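Student: I'll drop the sequence and a predicted model, then ask my questions.
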Amino acid sequence: MLSALFLLAAFLIAVYKIYFSNTITYKKITKYGENKTLVLKEAPGPTPLPIIGNLHLLGKHESPFQSFTDLAKKYGDIFSLQLGTAKCLVVNNLDLIREVLNQNGKFFGGRPDFIRFHQLFAGDRNNSLALCDWSNLQLRRRNLARRHCGPKQHTDNFARIGDVATFESIELLQTLKNITRTSDSSINLKPILMTTAMNMFSHYMCNVRFDAENDEDFKRIVDHFDEIFWEINQGYALDFLPWLQPFYKKHLDKLSNWSADIRSFILSRIVEQRELDLDVEGPEKDFLDGLLKVLHEDPTVDRNTIIFMLEDFLGGHSSVGNLVMLCLTAVARDPEVGRKVRAELDALTKGKRPVTLLDRHSLPYTEATVLECLRYASSPIVPHVATENAAISGYGVEKGTIVFINNYELNTSEEYWQEPEKFDPTRFLEKTKVRVRRNSFCDSGMESDGERPSKPSETEKEVWSVKRNIPHFLPFSIGKRTCIGQTLVTTMSFVMFASIMQEFEIGAESLEDLRQKPACVALPKDTYNLFLIPRKH
Ligand code: HEM
C-alpha cells in the first residue's frame, strides 16, 4: 500500500514537473494575424542542484563552450540550464542559431545583467553598445557608428582605414627594427602590438596619435583596455550567483578604477580639445567630429552617451592587437604557414614596398590566415537575453532567459569542417575564374609585324580567392546585434599582420608556451614572448 502511494506521488510530481512547472505561455501571431496562446514545454536539460543549479557542469572543461558541446550530446542541440539564479538556454547548431538570432531576433535583443558589466561602464551596462539591452537609443547609436566604424568598400572612410593602417604599421616596423637591431633575444611583443592597434584606432577615429614609446599615460590606458578585454572574455561564478558580490569587492573595484582612468584619459587627451576646436559648419573629418556634431545639433543626445560610444569603439583596438598576436602565434607554431604567407607577399611586393589594404584581394592566403585565426580562436558571441516569452524549435523560452549561442561548436565540429583541430588557412580558399584582358599579339613575348587586333581579347584564368560566404562561419554573429567593428578588425589586422610578416620571421622560445584558451580571442595581458628575426630582402 505504502509503495503504491509512493509511486503515485512520484508519478504526480513527474507530471507536475513536465506539464506545469516547466511550461511557458507564448502568444503567437499567426500569418493570418490571429492571436494564439500556446503553452509550450521548456527545452530538456540536466536536473539542477540547489543554489548553484548546473554551474558545476561548466567546470569540466577549460571553456564553458566545450561543456555546452558535451551536454548537447546528451540533451540535444537545444537544452536548458539553470546557472545559479539564471535560467539559460543553449543552442548548438546553425539552424537553431539562425532561429534565435535571425527569425526571432526581436525577442532576443537583451543582454545579461552581470554585475561586472555594470562595473565596467560607470555603474550602468546600458552605457555600453555591446552590453546594453536593445532600445531605440541602441539603434541610433549603431546607425551613428556605422558610417565610420563599418564603412563599405570604395568609400572615403574605407580608404582612410587603409591609409592609417599602413602609416601605423610602418611606425611599428621601425620600432621592431630598432629592437631587433640591438638585441636578438625574444620580445615581449604584445604590448607593442596593442599600442599600435590603439594608435590605428585613435588616428582613424579622432585624428590623434600617441607616442607609444614614451607616453606613460597612453601605455597605462592601453594596458587597462587589454585587461578589460581579457576580463570580458572570462566567466565568473559571480555572474550567476550575485550574492557572492562582497567576496569580489577587490576585483570589482579594480574594474571600476580601470574604466574611470580610461574615461578621464579620453576626455583630457582626446575629447576636450576637439570640443574647443569643433567646426560645426565644416566637413566631418572623423568619427569624433560626427559624434560631437550630433551632440551639438540634437538636444536629446546626452554628452555621456557620446563619450561612452567613443570609449567603446576605441576599446575595439584590443581585439585587433590580440588577433594579430594570435596570427603571429599561429605562424610561430607552424613555420609552413609563415613560408606561404611570405611567398605570397614577396611575389606581390618583391620586398620593395609596404603592403597595403588595396593588396588584400591579391593576397588570399594571407587574408585566409587571419580568418583561420578567427575560426581557431572562436571568439564567443555575447550572450543574448529573451526580452519576452518566445518559442524556439517548439520549446518555450521564458522572458529573462539567457541564451548562449554555441559558435564554438560551429567552428570546431567535424560536421562543418574537415580536420577542424588543424590550423589550415586553405579551408578558406577556393579557385575562381576571373576574366583577364590581354593583347593577343603580346602572348609570344615577341612583337609581331602583323596587324594588331583592334580590341584586346578576354580570356578566363583560374585564381585562388577567399571564400566569401561560409554559412556556418559566423565570427561576428548574425542578426540585429551583429558586430559593428568587423570591417575595422578585418582590415587593420590584415595590414598589421602582413606588414610584420614582410619584414620578420617569427619564432617561439618553446611551442608549449603558446597556450591559447579555447573559445577565446583574448590572451592575458602578460603573455609569452616571440622571436622576431629580420628578413634579408
Ligand atoms: C576579433 C575581433 C572581434 C570579434 C571576433 C567580434 C565579434 C563580435 C561578436 C560575436 C559580437 C556579438 C554579436 C551578437 O551578440 O550577436 C560583437 C558585438 C559587437 N562588436 Fe565586435 N568583434 C570584434 C571586434 C570589434 C571591434 C574592433 C569593434 C569596434 C570598434 C566591435 C564592436 C562591437 C559592438 C559595438 C558590438 C555590439 C553590437 C550590439 O550588441 O548591438 N567589435 N562582436
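Tutor: Perfect, thanks for sending it. The model shown is predicted, which means the values in this text are computed figures rather than measured ones.
Student: got the domain boundaries for the protein?
Tutor: Domains of the chain are assigned by the TED database as 29-134+380-416, 136-377+479-534.
Student: so what's residue 524 closest to, chain neighbours aside?
Tutor: residue 230 (5.7 Å; Cβ to Cβ, 6 or more residues apart in numbering). C-beta coordinates here come from the backbone N, C-alpha and C atoms, glycine included.
Student: Okay, buried residues for stretch 91-111 please.
Tutor: Using 16 or more other Cβ atoms under 10 Å as the test for burial, stretch 91-111 gives 91-94, 96-101, 104-105, 107-111.
Student: about what we covered before: and the contacts of the helix or strand hosting the residue nearest to residue 524?
Tutor: Assigning secondary structure by DSSP states H and E places residue 230 in helix 216-232. Contacts to helix 216-232, defined as Cβ atoms under 8 Å, 6 or more residues apart in numbering, come from residues 116, 120, 190-191, 194-195, 198, 210-212, 255, 258-259, 261-262, 265, 269, 314-315, 317-319, 321-322, 522-525.
Student: show me the contacts for the closest residue to the ligand within the stretch 151-300 of the chain.
Tutor: The stretch 151-300 of the chain approaches the ligand most closely through residue 201 (7.0 Å), counting by Cβ to the nearest ligand atom. With contacts defined as Cβ under 8 Å, 6+ apart, residue 201 is in contact with 313, 314, 316, 317, 320, 488, 492.
Student: How much space separates it from residue 497?
Tutor: Distance of residue 201 to residue 497, computed by Cβ to Cβ, to the nearest Å: 16 Å.
Student: do the same with residue 56
Tutor: 40 Å.
Student: show me where this structure has strands.
Tutor: Along the chain, counting by DSSP state E, strands occupy 23-29, 35-41, 78-83, 86-91, 384-385, 390-392, 395-397, 402-405, 429-438, 457-466, 504-508, 530-534.
Student: Show me what counts as buried in stretch 37-52.
Tutor: 40, 42, 43, 45, 46, 48, 52.
Student: and what of stretch 478-495?
Tutor: 478-479, 481, 483-485, 487-495.
Student: from those residues, which two are the most distant?
Tutor: 479 and 495 (28.7 Å; Cβ to Cβ).
Student: List the residues that contact residue 370.
Tutor: With Cβ under 8 Å, 6+ apart, residue 370 has these contacts: 323, 327, 490, 493, 494, 497.
Student: Also residue 64?
Tutor: 58, 235, 404, 519.
Student: Ok, residue 392 next?
Tutor: Counting by Cβ under 8 Å, 6+ apart, residue 392 has contacts 43, 78, 89, 91, 96, 99, 100, 104.
Student: which residues touch the last one?
Tutor: Listed by Cβ under 8 Å, 6+ apart, the contact partners of residue 104 are 390, 391, 392.
Student: again, only using 6 Å
Tutor: Contact analysis of residue 104 by Cβ atoms under 6 Å, 6 or more residues apart in numbering lists residue 390.
Student: Check the fourth one too.
Tutor: If you count contacts by Cβ under 6 Å, 6+ apart, residue 91 has them with 78, 97, 100.
Student: and what of the second one?
Tutor: Neighbouring residues of residue 78 by Cβ under 6 Å, 6+ apart: 43, 91, 96, 393.
Student: any idea which of those is closest to the ligand?
Tutor: The closest of the contacts of residue 78 to the ligand turns out to be residue 91 (Cβ to the nearest ligand atom; 12.1 Å).
Student: Among the contacts of residue 201, which one sits closest to residue 240?
Tutor: Once Cβ to Cβ is applied, the member of these that ends up nearest residue 240 is residue 316, at 27.1 Å.
Student: Show the pLDDT at the closest residue to the ligand within the chain.
Tutor: Among the residues of the chain, residue 485 lies nearest to the ligand; the distance is 2.0 Å by Cβ to the nearest ligand atom. With respect to pLDDT, residue 485 has a value of 97.
Student: The domains of the chain into TSV, with extra columns for distance to residue 428?
Tutor: Below are those laid out as TSV (distance: least, Cβ to Cβ, whole Å):
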stretch	distance to residue 428
domain 29-134+380-416	12
domain 136-377+479-534	4
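Student: Give me every residue in the stretch 51-200 of the chain lying close to the ligand.
Tutor: With Cβ under 6 Å from any ligand atom as the criterion, the stretch 51-200 of the chain meets the ligand at residues 101, 129, 130, 142, 149.
Student: 5 Å instead, please
Tutor: 129, 130 (Cβ under 5 Å from any ligand atom).
Student: pLDDT weak spots in the stretch 1-150 of the chain?
Tutor: Within the stretch 1-150 of the chain, the segments meeting pLDDT under 70 span 1-21, 29-33.
Student: go on, the chain?
Tutor: Scanning the chain for pLDDT under 70 picks out the ranges 1-21, 29-33, 438-457.
Student: how about 90 then?
Tutor: 1-39, 183-184, 277, 279-282, 298-301, 433-462, 468-469, 536-537 (pLDDT under 90).
Student: mind listing the helices for the stretch 201-350 of the chain?
Tutor: 216-232, 249-266, 272-277, 287-297, 303-315, 317-333, 335-349 (DSSP state H, counting those that start in this stretch).
Student: The shortest one - contacts with which helices or strands?
Tutor: Read it as helix 272-277. Packing partners of helix 272-277 (3 or more Cβ pairs under 6 Å, 6 or more residues apart in numbering; DSSP states H and E): none among the helices and strands.
Student: Begin at 526, not 1, for the rest of this chat.
Tutor: That works, and once the first residue is 526, the last one we named lands at helix 797-802.
Student: List the buried residues in it.
Tutor: Those would be residue 799, for helix 797-802 by 16+ other Cβ under 10 Å.
Student: CA-only coordinates of it in PDB, if you can.
Tutor: C-alpha atoms of helix 797-802 as PDB (Å, rounded to 0.1, in the frame of the first residue of the first chain):
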ATOM      1  CA  GLU A 797      38.100  68.300 -24.600                       C
ATOM      2  CA  GLN A 798      40.500  69.900 -27.100                       C
ATOM      3  CA  ARG A 799      38.300  68.900 -30.100                       C
ATOM      4  CA  GLU A 800      35.200  70.400 -28.400                       C
ATOM      5  CA  LEU A 801      37.000  73.700 -28.300                       C
ATOM      6  CA  ASP A 802      38.100  73.500 -32.000                       C
END
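Student: now the angle between strand 1029-1033 and the lengthiest helix in the chain, please.
Tutor: For the chain, the helix with the greatest residue count under DSSP state H is helix 681-707. Interaxial angle of helix 681-707 relative to strand 1029-1033 (axes from the mean of the first three to the mean of the last three Cα atoms, to 10 degrees): 70 degrees.
Student: Excluding chain neighbours, what is closest to residue 643?
Tutor: residue 650 (5.0 Å).
Student: mind listing what that neighbour touches?
Tutor: Residues counted as contacts of residue 650 (Cβ under 6 Å, 6+ apart) are 642, 643, 656.
Student: rerun that using 10 Å as the cut-off
Tutor: Taking Cβ atoms under 10 Å, 6 or more residues apart in numbering as the criterion, residue 650 is in contact with 636, 637, 638, 639, 640, 641, 642, 643, 644, 656, 657, 658.
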